[in-house]
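*Asks:* just need the structure, nothing else, for what follows:
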Amino acid sequence: MILMSNTRPRHWLLLAWLLATTAPLLAAQPLVVSSPNGALRATFELRDGAPHYSLTNNGRELIHASPMGFELADGVSLARGFEIVDHATSEANETWTQPWGQRREVRDHHHELRLRLKQPGPEGLSLSIVFRAFDDGVAFRYEAPLQPAIDEFVITEEKTRFELAGDWSAWWVPALEDNRYEYVYENTPVSELETVHTPLTCKADDNTYVAFHEAALVDFSSMTLQNDGGHTLRAKLVPWSDGVKVRGKGPLRSPWRTIQVASSPAGLADSNLILNLNEPCALDDTSWIRPGKYVGVWWEMHLDTATWGSGERHGATTENTRRYIDFAAENGFDGVLVEGWNKGWDDNWMENGDRFSFTEPYPDFDLEGLARYARERGVTLVGHHETAGGIPNYERQLEDAFALYERLGVKAVKTGYVDFGSNVERRDESGAEQGEWHHGQYMVRHHQRVAEVAAKHHVMVVAHEPIKDTGLRRTWPHLMSREGARGQEYNAWSGEYRNPPSHVTVLPFTRMLSGPMDYTPGVFDIKLTSGNRTGEQIPGTLAKELALYVVIYSPLQMACDLPENYASHPDAFRFIREVAVDWEQSHTLQGVIGDYAVVARKERGGDEWFLGAVTDEQARELQAELSFLEADRAYEAHIYRDADDADWRDNPTAYTVERRRVDAGTTLTLRLAPGGGQAIRFAPLDPQPRTVLNPAD
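*Replies:* Numbers count the residues shown, from 1 in each chain. Got it, this is the predicted structure:
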């Protein structure tokens, strides 16, 4: 008994010594989180106390060990000197419902690895890094709990790197330039990049496509990517005017850094990763949020037949707006956008950011009467707030402006921030004017404030010159759509500005990975015979303009052309009237970035499907299998295609409307003219044949 009592303490002392000496070794071992299907594996490790991660896909390394973390002001570092304190893994597998979207049901299936790091000593900082691995990509974010050095913090640099396994082909637009996101996409090796916006899409090989972006961007600076030598990219946060990247009060929580991975461009386009990384809906009631289609007083200003400012050619007049309201009501549109209705547009409006009124109309625009007239016709006005970058002026009026729209029954507003470079107005603590970028923390905070005020007054938002979408529409589903790339208006301007025909074949696999885009399709006067832009033309065919309603997703879609141009093509206009804007399912069937894209979508709450196909300058013949249709059911395909002699340069308005019986076993040949497209509506055939309407009806 005495012997046992003497040896037992020695045994436990030995065990305690072994645990104490091996724990740091165990903690130093790489930690791995895999996607549910096992293909993607993210590995975390400390290298001399500095956090690093790497990523493999089916055993092949995509991202070599890359550093992580932040540097803060006053020499405080969240990028070095760490030990792993603990870690935990978990799994989520649930399906949630969107109030609107490209698909009704979204599955969130991921594995999570949560690491807690700490620097040694009583003053050492704590940092958590959270990884989530999905079948369609991997994401990670940084979280620092409240602690003395994080009570109020200033981030001076993000240390996150992406050490790519090769010099991949990349599609990109430049960042920190004058024209925000609005550039034609370039396609070069990663090694030729400088600083670019996200989403950044890359082709690693024929079977691997990778896109870099961020999710849940809240009270933080937007992340751009800068070439750090060879094929290494580093996160570069858009700075404040004084060079600071992020200001905040603890605890610190960064946006997710996202890496989407797919075997094809179509796989990237159909990913739900960005949405799944955002918080659930913050609104108790979403019944007031409704997708729809609208027309408006807008395109004529770009054609230079009308002006935003007051005078003889003022577009936003009571008479002109009533004409659009009548047109919308007669053709089943939900809204009428009117730009230039409010005081402040005279002279050079781009420099009038401090002059705009968001509650006072011009004398020739009867706001109250028009709102009433629209309601009587079953239509609503779509509001418009152009700020020209004058943020203090807008924020002073924000509450009154949205309260006015709520009272008038205006259901949606288009906001605008036309300004260039780092010239967005901010007033500092002393009242002095400072210039900020569109994409820094200042504007992220501003857009959040607009979102909250708009929600309070039940007004949906379509933002132009915006901060990029990072999936916040899941949390705030009244954030319907954004511009954030070169849209249709560029096609009304001179040839040097015009988008190339390939532009819309790039967008589904780059800009559209972030969320819906208010591209404003639907021009029928392709040669621009109206107004003062004659000689210019849209870089596509009329059939392609129809296809864009399916290819370029937005829950609020515009038919942008003049009413008289639609009257000239009633059979083609029928597709715009009938195409849905809210979807049960969406499938990107085919796509080669910059060459072509084919998308099919099923209307929400109905049985009809729609297909859109677009091509670049090259004529193409594609085979589309219709296996997405319901089995054992016949459909009538209403086909709007390029005529045999159509060409975007010389014969862009030549199209043919056809009908044929199809089912899930049918393979359709899609013949696309140079710069062309094809749009199809699939209507189920009832047991009793339906009356076939004249296409012009």
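*Asks:* so what's Y635 closest to, chain neighbours aside?
*Replies:* F682 (4.4 Å; Cβ to Cβ, 6 or more residues apart in numbering). In short, each C-beta sits where N, CA and C put it, glycine included.
*Asks:* and the strand or helix carrying the one you found, what does it pack onto?
*Replies:* Here F682, judged by DSSP states H and E, is contained in strand 677-684. Strand 677-684 sits against helix 542-551, helix 570-578, strand 609-615, strand 635-642, strand 667-672, with contacts defined as 3 or more Cβ pairs under 8 Å, 6 or more residues apart in numbering; DSSP states H and E.
*Asks:* can you pull out the strands in the stretch 301-450 of the chain?
*Replies:* For the stretch 301-450 of the chain, the strands defined by DSSP state E, counting those that start in this stretch cover 335-338, 380-386, 412-416, 424-427, 433-436.
*Asks:* need those in TSV (columns: mean pLDDT).
*Replies:* Output for the strands of the stretch 301-450 of the chain, formatted as TSV (pLDDT from 0 to 100):
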stretch	mean pLDDT
strand 335-338	98
strand 380-386	98
strand 412-416	98
strand 424-427	97
strand 433-436	97
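*Asks:* nearest to S568, of the ones you listed?
*Replies:* strand 335-338 (20.6 Å; Cβ to Cβ).
*Asks:* for the closest one, name the packing helices and strands.
*Replies:* Applying 3+ Cβ pairs under 8 Å, 6+ apart, we find strand 335-338 packed against strand 292-297, helix 318-331, strand 380-386.
*Asks:* pull out the buried residues from that strand.
*Replies:* By neighbour count with 16 or more other Cβ atoms under 10 Å, strand 335-338 contains the buried residues G335, V336, L337, V338.
*Asks:* out of these, who's nearest P501?
*Replies:* Closest to P501 out of the buried residues of strand 335-338 is L337 (26.4 Å), distances taken as Cβ to Cβ.
*Asks:* was I right about the closest one contacting K414?
*Replies:* Yes: in this structure L337 lies within contact range of K414 using Cβ atoms under 8 Å: 6.1 Å.
*Asks:* now do the shared contacts for these two.
*Replies:* V382, H384 (Cβ atoms under 8 Å, 6 or more residues apart in numbering).
*Asks:* picking that back up, please identify the deepest-packed of the helices and strands packed on strand 335-338.
*Replies:* Of the helices and strands packed on strand 335-338, the one with the most neighbours on average (mean count of other Cβ atoms under 10 Å) is strand 380-386, at a mean of 26.
*Asks:* that older thread, and of the helices and strands packed on strand 335-338, who's closest to V506?
*Replies:* Proximity to V506, assessed across those by Cβ to Cβ, is greatest for strand 292-297 (24.6 Å).
*Asks:* what's the closest one in contact with?
*Replies:* The contact list for strand 292-297, computed with Cβ under 8 Å, 6+ apart, reads 306, 315-316, 320-321, 324, 327-328, 332-340, 382, 412, 555-560, 563, 576, 581.
*Asks:* one more pass at 6 Å, please.
*Replies:* Identification of contacts with strand 292-297 by Cβ atoms under 6 Å, 6 or more residues apart in numbering yields 315-316, 324, 328, 333-338, 382, 557-559, 581.
*Asks:* what strands line up against that strand, and which way round?
*Replies:* Using DSSP bridges, the strands paired with strand 292-297 are strand 335-338 (parallel), strand 556-558 (parallel).
*Asks:* mind putting those in TSV, distance to W493 included?
*Replies:* Converted to TSV, the strands paired with strand 292-297 look like this (distance: least, Cβ to Cβ, whole Å):
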stretch	distance to W493
strand 335-338	20
strand 556-558	18
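*Asks:* which one of these lies nearest to E157?
*Replies:* Among the strands paired with strand 292-297, strand 556-558 comes nearest to E157, with 38.5 Å by Cβ to Cβ.
*Asks:* and H52, what helix or strand is that in?
*Replies:* Taking DSSP H and E as the criterion, the element that holds H52 is strand 50-57.
*Asks:* flag every buried residue along whichever helix or strand comes after that strand.
*Replies:* Using DSSP H and E, the next helix or strand after strand 50-57 towards the C-terminus is strand 60-67. Burial within strand 60-67, assessed by neighbour count using 16+ other Cβ under 10 Å, is assigned to E61, L62, I63, H64, A65, S66, P67.
*Asks:* mind putting the helices and strands packed on strand 677-684 into a markdown table with mean neighbour count?
*Replies:* As requested, those are exported to a markdown table (neighbours: other Cβ atoms under 10 Å):
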| stretch | mean neighbour count |
| --- | --- |
| helix 542-551 | 29 |
| helix 570-578 | 19 |
| strand 609-615 | 29 |
| strand 635-642 | 22 |
| strand 667-672 | 18 |
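*Asks:* switch these over to a markdown table; also include distance to R47 and mean pLDDT.
*Replies:* A markdown table is the format used below for those (distance: least, Cβ to Cβ, whole Å; pLDDT from 0 to 100):
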| stretch | distance to R47 | mean pLDDT |
| --- | --- | --- |
| helix 542-551 | 45 | 98 |
| helix 570-578 | 57 | 98 |
| strand 609-615 | 46 | 98 |
| strand 635-642 | 57 | 98 |
| strand 667-672 | 51 | 98 |
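*Asks:* for H587, which of these is the nearest?
*Replies:* Comparison of these against H587 by Cβ to Cβ identifies strand 609-615 as nearest, at 9.6 Å.
*Asks:* what strands line up against that closest one, and which way round?
*Replies:* Strand 609-615 sits in its sheet next to strand 596-603 (antiparallel), strand 677-684 (antiparallel), going by DSSP bridges.
*Asks:* where does the stretch 201-350 of the chain dip in pLDDT?
*Replies:* Across the stretch 201-350 of the chain, nothing is flagged by pLDDT under 70.
*Asks:* what's stretch 160-173 in contact with?
*Replies:* Identification of contacts with stretch 160-173 by Cβ under 6 Å, 6+ apart yields 61-64, 66-68, 183, 185-187, 189-191, 196-197, 200-204, 231-235, 257, 510, 593.
*Asks:* now do stretch 511-523
*Replies:* For stretch 511-523, the external contacting residues (Cβ under 6 Å, 6+ apart) are 199, 211, 462, 468-469, 481, 483, 485, 487-488, 538, 545, 548-549, 552-554, 558-561, 576.
*Asks:* narrow these to those in helices?
*Replies:* Judged by DSSP state H, the contacts of stretch 511-523 include E545, L548, Y549, I576 as members of helices.
*Asks:* any chance of the helices and strands packed on strand 677-684 in CSV, plus distance to A454?
*Replies:* Output for the helices and strands packed on strand 677-684, formatted as CSV (distance: least, Cβ to Cβ, whole Å):
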stretch, distance to A454
helix 542-551, 25
helix 570-578, 27
strand 609-615, 29
strand 635-642, 36
strand 667-672, 40
